[in-house]
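Student: what follows is a predicted protein model with its sequence.
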Amino acid sequence: MVALSSSAKTQSPKSFLYTSIARTHVGTIASIVISTLISHGKLTAHEISNRSQLPIKTVKSALVSLIQLNCIYYWSDERKAVHYSFNERGLLVFVHSGDIINCINKLYDAESAEIIQNIIQMGHVRVSDYLAQYQDDKSEKTKLYFEQQTRFFKLFADGWLQKLQPFHYSPINDLWSKLYQETLKQIPRNSTTSEVKRVNEAKEKTKVKLSDMLESGQESKDLYEMDGGLKILRNSLVISFDLSRFEKHLRSRALVNFSKSKIGSLTSKVYEAALSTIEQKTADLSQNFLEISGLISDPEEARLLIHSVENKLVDQKQTTFQARDVARFLDNEVDLRNSILTHNFLKPQKRVNSGGNGAQKKIKLEDGGSFVVKEENNENENENEDENENDNSFNTMASGDSFDNSDDKHSHSLILSHLKLLTSSTPVNFLIEVSPGVFTVPLTSLMQELKQHNFDNIIKTTLGIDAFKILRCLRMLKLADEKTIAEKILLKEKTVRNEVCKLINLNAVEIQEIPKSADRAASKTFYLFRHKRYISYLFLSNSLIYNMGEILNNIESFKSDHKILLEKCEREDVKGNEDQLLLDSELKTLRKLQSREINNMGKFNRLKSLNDIFGLF
Amino acid sequence: MLPTSFFLLISPVQSLTYSSSLAPSSLVCKMNVSENAQKLHSKMLEYAPSHLFDQEQLQEMVNITSPVEFMTLAQELVNSNLVKLMKQGDILKFQAKAVAEANKISAMSNDEVMVYSYIEASGREGIWTKTIRAKTNLHQHVVLKCLKSLESQRFIKSIKSVKNPTRKIYMLYNLQPSIEVTGGPWFTDNELDTEFIDSLLTVIWRYIASKTFPYAFQPPSSNVNVVQSSYPANHTGYVNLDAAMEFITSNKITNIELGIGDIRSLCEVLVYDDKLELINGTMDTYKATWQSVLEAGYGRSYLEEGSKYADMKSVFENPSFSIFENNSVVVQEEDEGAEDMVYLDSWIHQ
């Protein structure tokens, strides 16, 4: 019996999570191979076999399924030796799998979710192979066939599926170095150009080549074909799930939640619709050039690259939108009426009810009857006077728009005012107005705010409100001692000291020592505190990943405690007849196990969504 | 120009330090000074107690032209503690002292006078016993004896400083300790009054929140959307420090005097608490955060079964997990034991 070595757990939290999830989804052998590859980097099949003490045949069969599932990269060098390395993206799809299927089910339908689920399970699939199951005995296409074909087309067009290409199986660093070496050879050495210039020229040329290669095969003729006047996906196309598309969705979700807490539910719904208009077109969360080791080492250069990609998309109007675009994506359930307070809010109810019809006044007649007169003009005059008198009154809109609160629950002026709220009502700019009425999302700068607020709230919910205050105060002060913090947040010094200690334990705050004597005596030394984002976020992300691994192991362990019962349920004769063949106590245990698993998976997904913010974005 | 003879003027403390021939009994009270001296003293008292006179001014007051004659008069007043000598730059100045004060000093021993003078000079800040000892060059026992005697006569009092709680600090009995010593309005009996601060924080937050989200504190009406009703982005009617100050004073929230700086500190604490935020482009105008209103419980009653807004659940509730909605309750299975718990710090404690 082979077992996963303990180093899989201890070498890094990521290793713990990935080996745990590989064990539950692909099996113990696969998890051992993954653990070996995480420890040693790039290895041949023989080397894996040597280091993991597994027979070469087993290693090879494990490698096949792992490559099929996009969990392993392979690369053959000049001597035709094949090297395998670990591909995190494949296992990340497993980590997100539940969430992905749920999301597709919500955005499309159950059948689309089923397609995605099957593709995730198989790694990749040829369109014709998948659709073949919907042909009848005579290989005639059924109605379901065409429906599924349309679903494939829709999912592909929306970016959830991607065309699988040979370079998807190769590590980007190897692809780069191969192309680079080729390019470098083509640029001759001569006395007039320096070596630095030659290398830089080769780098620039390789960048273009690599980009061309990664973008190749995406032309319409490579992807689509016409079938009876209908544009469909090419049947010969091999497709896989595109994780980077889902990451963009996760980012939008996190931003919507953030805006909900900052501004409100309705504005967050408008923001959600606004993000859906541009989500697919935004830049990927990870840039290929940044992943190539040694290519961009200057942080400033990396920042410029990210900004240039974002700005280019804005310039091409790919990631800009207007109020009318948002209206198309807005959920019908969302009712924006009365959500922006106008001057009417501050007035007595009867005037609001009277609306645009003007006030009505009864005049008694001499014969005892009465008639009603409308006082439209007078009323308007009164309103104007009231506005001038009342200091609290305000103009409805600077642009002069008025809110038609009674008719259209998605009116453009209402959507526009919600977009304006997102632009300037809080210190966080969720949107930027690039030109009048045209908005874009400043994703790069928003990510910092998003991380910061999520981090603060995790501290608030775990360490309490005092630690939360201290952390925010410390961020404002940059560097401070406990006395200054205590004065600023009006807390007792003793409380501050205790809370700072807790924050230090969670790596949210670090200490700077200022020695006052030559021997650096602790009694005379002065200590200052500061908060460093990168270190804190990294530590938190690692802790969360470790927790996720723990939950998976916990599920595994309580399932193995009831192994006999669970195996019994899997038997063909028992399946479907559990009520008759199982004892009451066994049924009770089964139910308990199921609810325990669901609870734990719930926890796992909550941790995952927290880690997405610090790990992915 | 000061006549050279003025350098002969000797203040009582100096004289006591350097000349032992002057016994305490030789110090005279006002009754014993000459008529001219009395006249000069009463004229000096017409000014503010802190007023400093120079020689020419005093000579004009009593119409004395001869410096020698004036010197005698001044020496007489100095001897009887009715005038205090001070140096401002290089110029000698005179300060009048009340008769009662003079009598008080006259009744003290020489050591006590010396200690008293340093305590008096420290003003509202007070002076630490160790500093008195260092400045007077007296033995600790003597200083302690003097302090005890002065304290028993209610000439001085001992206070506690917020900054240095272990030090014994003395100041004149009739003075109020300064803010630096007492710690300002936030300290009661030298302890940070957290209850007082918390209640003020709540009051200010509630006031600013009612101005930011007026509908959130009223029963729902037909002209607002219960899910969210916000002021437009260009709204300007938010609360500034002056308005918050006015609210606190006009409603007599506290009988402790608060300054605009104190209100600013409170607002800053609320900003750290993420309950308030500064309006973009302003220095002193605040609005409440929506999160703080949600945490105070807004909207929860609308989701309860039977509420007429219960059908809005889909807009209120979030299908995805968000750390910002931590007020929602997770129902734990009763029989779910501790073995299913995960701890955030388990990675470092593995």
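Tutor: Done, it's in. Quick caveat: nothing in here was measured; it's all calculated off a predicted structure.
Student: need the pLDDT of residue 277.
Tutor: Assuming you mean chain A. pLDDT recorded at residue A:277 is 94.
Student: actually, chain B is the one I wanted.
Tutor: Reported pLDDT for residue B:277: 93.
Student: can you tell me which helix or strand it belongs to?
Tutor: Using DSSP states H and E, residue B:277 sits in strand B:276-278.
Student: which helices and strands sit right next to that strand?
Tutor: If you count contacts as 3 or more C-beta pairs under 8 Å, 6 or more residues apart in numbering or on different chains; DSSP states H and E, strand B:276-278 packs onto helix B:260-272, strand B:285-288. Heads up, the C-betas are built off the backbone N, CA and C, glycines and all.
Student: how about these, which one is nearest residue A:113?
Tutor: With distances scored as C-beta to C-beta, the stretch of these nearest to residue A:113 is strand B:285-288 (41.1 Å).
Student: quick one: name whatever helix or strand follows that closest one.
Tutor: Next along the chain after strand B:285-288, taking DSSP H and E as the criterion, comes helix B:290-295.
Student: just name whatever secondary elements that next one is in contact with.
Tutor: Applying 3+ C-beta pairs under 8 Å, 6+ apart, we find helix B:290-295 packed against helix A:243-262, helix B:194-212.
Student: so for it, mean pLDDT?
Tutor: On average, helix B:290-295 scores 90.
Student: per-residue confidence at residue A:140?
Tutor: What the model reports for residue A:140 is a pLDDT of 78.
Student: quick check: phi and psi at it.
Tutor: The phi and psi values for residue A:140, taken as degrees, to the nearest 10, are phi -90, psi 140.
Student: run a quick neighbour tally on residue B:258.
Tutor: Residue B:258 sits with 18 neighbouring residues when counted by other C-beta atoms under 10 Å in any protein chain shown.
Student: in contact with the residue nearest to it when sequence neighbours are not counted, which residues?
Tutor: The shortest distance from residue B:258 to any non-neighbouring residue, by C-beta to C-beta, 6 or more residues apart in numbering or on different chains, is to residue B:185 (5.7 Å). Shown in contact with residue B:185 (C-beta atoms under 8 Å, 6 or more residues apart in numbering or on different chains): B:256-258, B:262.
Student: among these, which are located in strands?
Tutor: Using DSSP state E, no member of these sits in strands.
Student: now, the residues you listed that are in helices?
Tutor: Applying DSSP state H to those, the entries found in helices are residue B:262.
Student: just the buried ones from the contacts of residue B:185, in ChimeraX syntax?
Tutor: The buried residues among these can be selected in ChimeraX (16 or more other C-beta atoms under 10 Å in any protein chain shown) with this line:
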select /B:258,262
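Student: pLDDT added to the contacts of residue B:185, as JSON lines?
Tutor: Listed next are these as JSON lines, based on pLDDT from 0 to 100:
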{"residue": "B:256", "pLDDT": "85"}
{"residue": "B:257", "pLDDT": "85"}
{"residue": "B:258", "pLDDT": "88"}
{"residue": "B:262", "pLDDT": "92"}
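Student: considering the contacts of residue B:185, which is situated nearest to chain A?
Tutor: Ranked by distance to chain A (C-beta to the nearest C-beta), the contacts of residue B:185 are led by residue B:262 at 10.0 Å.
Student: looks to me like residue B:84 is in a strand.
Tutor: Yes: membership of residue B:84 in a strand is supported by DSSP: H, G, I helix; E, B strand; the rest coil.
Student: quick one: it from residue B:53, how far?
Tutor: Using C-beta to C-beta, to the nearest Å, residue B:84 is found at 11 Å from residue B:53.
Student: ok, back up a step: hey, which of the helices and strands packed on strand B:276-278 is tucked in deepest?
Tutor: Stretch with highest mean neighbour count among the helices and strands packed on strand B:276-278: strand B:285-288 (a mean of 24; mean count of other C-beta atoms under 10 Å in any protein chain shown).
Student: just for the stretch 401-550 of chain A, where's the confidence low?
Tutor: Flagging of the stretch 401-550 of chain A using pLDDT under 70 yields the residue ranges A:401-407.
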